[in-house]
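# Quick one: sequence and predicted model below, then my questions.
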Amino acid sequence: MGEAMSVQSFAEAGLERVPEKYVQPERSRPSIGGDGRRIPVVDLFFFDPARSGEVREALKRACREWGAFQVVNHGVPVDVIDRVVAAGEAFFGRTAAERRRFSCDPNSVASEGYGSRLLSADDAVLDWRDYFNHHTLPLARRNPSRWPDLAGYRAAVAAYADAAAALARKLLGILSECVGLAPSFLESAIGRLHQNVTVSYYPPCPQPELALGLQPHSDMGALTLLLQDDVPGLQVLRDGNWVLVAPLAGAIVVLLADQTEIITNGEYRSGVHRAVVNADRPRISVAAFHDPAKSAEISPAAPLLSGGSPPRYRPVRYGDYVSSWYGQGPDGRRLLDALLL
Ligand SMILES: O=C(O)CCC(=O)C(=O)O
């Protein structure tokens, strides 16, 4: 992994203090926040057409107010979820030498494989997290021979990637309708769906009050589906308060990402989130990011614009947006705000 040590190897060495590179400035340190609110849990009723009215109402509210919600009865089989989480546990349960066989290229952003350090800036505070990033869609990007050769691992990641993409497509269809667009609008605006599946591993942290598992950010692409195990850690920002997303067995967290906010001209918000860590138990999450092609030109949907509703965001080529995200990194502001008109 280049010069970077994995966070897991610090944790396994029994460090009593967090190394300086992982200490957040005071203003960014985690708080046991929250104002009693909880992110919405939306029952999708397995997409039963007889329940579509109430599902749409609940989704619309969640997308406008939070940009983040959990879904249940979503149609992704429990064993597909359990197997991908177990695959992550199996990989991070291997020795450091075995994990390092799959190290990603530390000099190329979002490269495939095992890594720890996301940002290129030398002065960035580091996240208390290791990860394994898989390229899963389009299928031409999917090469399971680059993934760990543990029993069942590759099949588990591929099965989850396919199920997550099917759910993401269904959600994009309903979310289009909820904002008054044709069901195919969001997916067509995104173009060929690109998907990465990232398993994050947050080792126990000796000083969890000083570090973050993942710094605050909104996701760059269109829509993220996130699985978390039973260890709490994900927090979503709402009106200046960090709200913990309590793990709910079998549920999937949906995070709207920046391009969806642009296309819906701000009708929907992208969800700002972060991960906090704890001193006692490792935590695993599995994020399936659904993104536009780098060549896609993203702009507010024409049917949503009128004299009284002018565009609120400048158009952007998705590849340029990604480059500036990695160039700048999460710094407490949303990159998206730079496109506001
Ligand atoms: O682990 C989590 O709960 C958050 C993961 C996440 O935000 C990400 O992978 O971008």
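The structure has been received and is ready for your questions.
# For this structure, what lies in contact range of the ligand?
Within the chain, the residues that sit near the ligand (Cβ under 6 Å from any ligand atom) are 198, 200, 214, 226, 228, 233-234, 273, 275, 285, 287. Glycine gets a C-beta too; all of them are placed from N, C-alpha and C.
# Sort out for me which of those residues are in strands.
Mapping the residues of the chain next to the ligand onto strands (DSSP state E) picks out 198, 200, 214, 226, 228, 234, 273, 275, 285, 287.
# Of the residues of the chain next to the ligand, which pair is most distant in space?
198 and 233 (14.7 Å; Cβ to Cβ).
# I'd like to check which residues are in contact with the residue in the stretch 51-200 of the chain positioned nearest to the ligand.
Closest approach between the stretch 51-200 of the chain and the ligand, counting by Cβ to the nearest ligand atom: residue 200, at 4.6 Å. The contact partners of residue 200, by Cβ atoms under 8 Å, 6 or more residues apart in numbering, come to 129-131, 213-214, 275, 284-287.
# What ranges does the protein have for its helices?
Assigned by DSSP state H, the chain shows helices spanning 7-12, 52-65, 78-92, 96-100, 153-178, 185-190, 258-263, 318-328.
# next one: the second one to chain centre, how far?
Just to be clear, that refers to helix 52-65. 21 Å (Cα atoms, centre = their mean, to the nearest Å).
# now do stretch 64-79
13 Å.
# Dump it to CSV, keeping only the CA atoms.
Extracted in CSV, the C-alpha atoms of stretch 64-79 (Å, rounded to 0.1, in the frame of the first residue of the first chain):
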residue,chain,number,x,y,z
ARG,A,64,-36.3,16.5,0.2
GLU,A,65,-35.6,16.7,3.9
TRP,A,66,-32.7,14.3,4.5
GLY,A,67,-31.2,13.0,1.3
ALA,A,68,-30.7,9.8,3.3
PHE,A,69,-33.1,7.1,4.5
GLN,A,70,-33.2,3.3,5.2
VAL,A,71,-35.3,1.0,3.1
VAL,A,72,-36.9,-2.3,4.2
ASN,A,73,-38.8,-4.9,2.1
HIS,A,74,-36.5,-3.8,-0.8
GLY,A,75,-36.3,-7.2,-2.5
VAL,A,76,-32.5,-7.8,-2.0
PRO,A,77,-32.4,-11.3,-0.5
VAL,A,78,-31.1,-11.5,3.1
ASP,A,79,-28.6,-14.2,2.2
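# which of residue 198 and residue 233 has more neighbours?
residue 233 (26 against 19; other Cβ atoms under 10 Å).
# Touching, that one and residue 278? I think so.
Yes: the pair formed by residue 233 and residue 278 meets the contact definition of Cβ atoms under 8 Å, at 7.2 Å.
# Run through the stretch 101-250 of the chain and note the low-pLDDT ranges.
Within the stretch 101-250 of the chain, the stretches with pLDDT under 70 are 118-123.
# so which residue of it comes closest to the ligand?
Nearest residue of the stretch 101-250 of the chain to the ligand: residue 234, at 3.5 Å (Cβ to the nearest ligand atom).
# Skip the chain neighbours and tell me the closest residue to that residue.
residue 245 (4.3 Å; Cβ to Cβ, 6 or more residues apart in numbering).
# Report pLDDT for the residue sitting furthest away from the middle of the chain.
Computed with Cα atoms, centre = their mean, the residue of the chain farthest from its C-alpha average is residue 307, at 34.9 Å. We have a pLDDT of 95 for residue 307.
# What distance do you get for it to residue 291?
Separation of residue 307 from residue 291 (Cβ to Cβ, to the nearest Å) stands at 32 Å.
# Could you do residue 222 as well?
6 Å.
# neighbour count winner among these two?
residue 222 (32 against 26).
# my read: that one touches residue 259, true?
Yes: between residue 222 and residue 259 there is a contact under Cβ under 8 Å: 4.9 Å.
# Please enumerate the shared neighbours of the two.
By Cβ under 8 Å, 6+ apart, the residues touching both residue 222 and residue 259 are 190, 291-292.
# mind putting those residues in TSV, distance to residue 42 included?
Converted to TSV, those look like this (distance: Cβ to Cβ, whole Å):
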residue	distance to residue 42
190	21
291	22
292	24
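# Perfect, I'm done here.
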